[in-house]
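Engineer: Coordinates for the following, if possible.
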Amino acid sequence: MTSRLRVTQVPVRRLLMPVALALTLVLIGSLGHAAILRGATAHEAANRRVAMRIDGGMPPRAVLISDSAISGIRWYGRQEHLTGTRWETYLESCRRLVVPSCRGREGYAPRTVVGELHDIRARLGPADARDLLVIAVGYNDSESRFRSDVADVLTAAHQVGFRRVVWLTYRVDNSYLAPGSGQVTDYGAMNAVLRHELDSGRWASLGLWDYNAAFAGHDEWFSSDGIHVTPDGATMVAKWLSGQLLRPLP
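Structural biologist: Below you'll find the model as predicted:
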């Protein structure tokens, strides 16, 4: 007897079903992964938008130079509250703008602002044009030469490579006696000089952060002289500085 090979015919559609299912699963997985990526990208973009300023982006570095008024940020270990970018801090007691600094509470006379700027350039090279320089110095300086000191600091900043400089206004409600002066400095007059220089258009890089207005009426964050921050004040100032990064710059 001759045996016959029995061939069972399977519809092509049935053969293709597993392939189609596999392809569908791959497609769904790909779409799902793409959706996740789109969601993550949208979230990151939203975060970036929160941090973006009108002038085009956060600075890659913010260099903060201060005298003792806000050096409590360092003394009390509040640097962690400086956020939003990479902060580089030079916080020293008794620092002055141009004339030699006085001897501070840590036993030495720090560099002037101009000296610090040139030292930064010597160690780290020229600043990126997008970097931000924040000046919080002046409580130990003379109002009589303040205008020329501002010009010297801004000139030095430009030489070092900074194209964006913000200057903190001074607290006017205080009883601080600058070393060697024997009298209360007119910080209101110094604030007026800063505003005049800003309005003159002479310095395209200059901007002001109104520290005086921001902390008016908050004597609880300052020592009895009205200038030096307390531990809680150091925290609040660091947070305020970080928040200012979200504001437009020159």
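
Engineer: Secondary structure element holding Pro126?
Structural biologist: Applying DSSP states H and E as the criterion places Pro126 outside every helix and strand.

Engineer: what's near enough to touch it?
Structural biologist: Val160, Gly161 (C-beta atoms under 8 Å, 6 or more residues apart in numbering). For glycine as for every other residue, the C-beta is placed from the backbone atoms N, C-alpha and C.

Engineer: Am I right that Ala63 is in a strand?
Structural biologist: To be clear, residue 63 is Val; Ala isn't right here. Yes. Under DSSP: H, G, I helix; E, B strand; the rest coil, Val63 falls within a strand.

Engineer: Tell me how far the residue nearest the centre of the chain lies from Ala214.
Structural biologist: With distances taken as C-alpha atoms, centre = their mean, the residue of the chain nearest its centroid is Ala62 (4.5 Å). For Ala62, the distance to Ala214 equals 17 Å [C-beta to C-beta, to the nearest Å].

Engineer: List of residues touching the host helix or strand of Ala157?
Structural biologist: According to DSSP H and E, Ala157 maps onto helix 146-160. Applying C-beta under 8 Å, 6+ apart, the set of residues contacting helix 146-160 from outside is 97-99, 113-114, 117-118, 120-121, 126-127, 133, 135, 138, 141, 165, 167, 189-190, 193-194, 197, 203, 205-206.

Engineer: buried stuff in stretch 241-250?
Structural biologist: Neighbour counts over stretch 241-250 (16 or more other C-beta atoms under 10 Å) mark Leu241, Ser242, Gln244, Leu245, Leu249 as buried.

Engineer: Dump the residues you listed to a markdown table, plus secondary structure, distance to Gly72 and pLDDT.
Structural biologist: Shown next, in a markdown table, are the buried residues of stretch 241-250 (DSSP: H, G, I helix; E, B strand; the rest coil; distance: C-beta to C-beta, whole Å; pLDDT from 0 to 100):
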| residue | secondary structure | distance to Gly72 | pLDDT |
| --- | --- | --- | --- |
| Leu241 | helix | 13 | 98 |
| Ser242 | helix | 16 | 97 |
| Gln244 | helix | 18 | 95 |
| Leu245 | coil | 20 | 92 |
| Leu249 | coil | 25 | 57 |
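
Engineer: Now compare those and name the two farthest from each other.
Structural biologist: Pairwise distances across the buried residues of stretch 241-250 peak at 14.0 Å for Ser242 and Leu249 (criterion: C-beta to C-beta).

Engineer: can you map out the strands along the protein?
Structural biologist: For the chain, the strands defined by DSSP state E cover 61-66, 86-91, 132-136, 165-168, 206-209.

Engineer: burial of Ala216, as a residue count?
Structural biologist: If you count neighbours by other C-beta atoms under 10 Å, Ala216 ends up with 12.

Engineer: if I pick it, what's in contact with it?
Structural biologist: Shown in contact with Ala216 (C-beta under 8 Å, 6+ apart): Arg171, Asp173.

Engineer: Report the residue ranges of every domain in the protein.
Structural biologist: Annotated domains of the chain cover 1-51, 58-244 [automatic domain parsing].

Engineer: Start and end of the longest one, how far apart?
Structural biologist: For domain 58-244, the first and last residues are 11 Å from each other (C-alpha to C-alpha, to the nearest Å).

Engineer: Cross-check the contact I'm expecting between Ala69 and Tyr139.
Structural biologist: Yes. Assessed by C-beta atoms under 8 Å, Ala69 is found in contact with Tyr139 at 5.3 Å.

Engineer: and those two? which has more neighbours close in?
Structural biologist: Between Ala69 and Tyr139, counted using other C-beta under 10 Å, the more crowded position is Ala69 (29 against 25).

Engineer: Perfect, that will be all.
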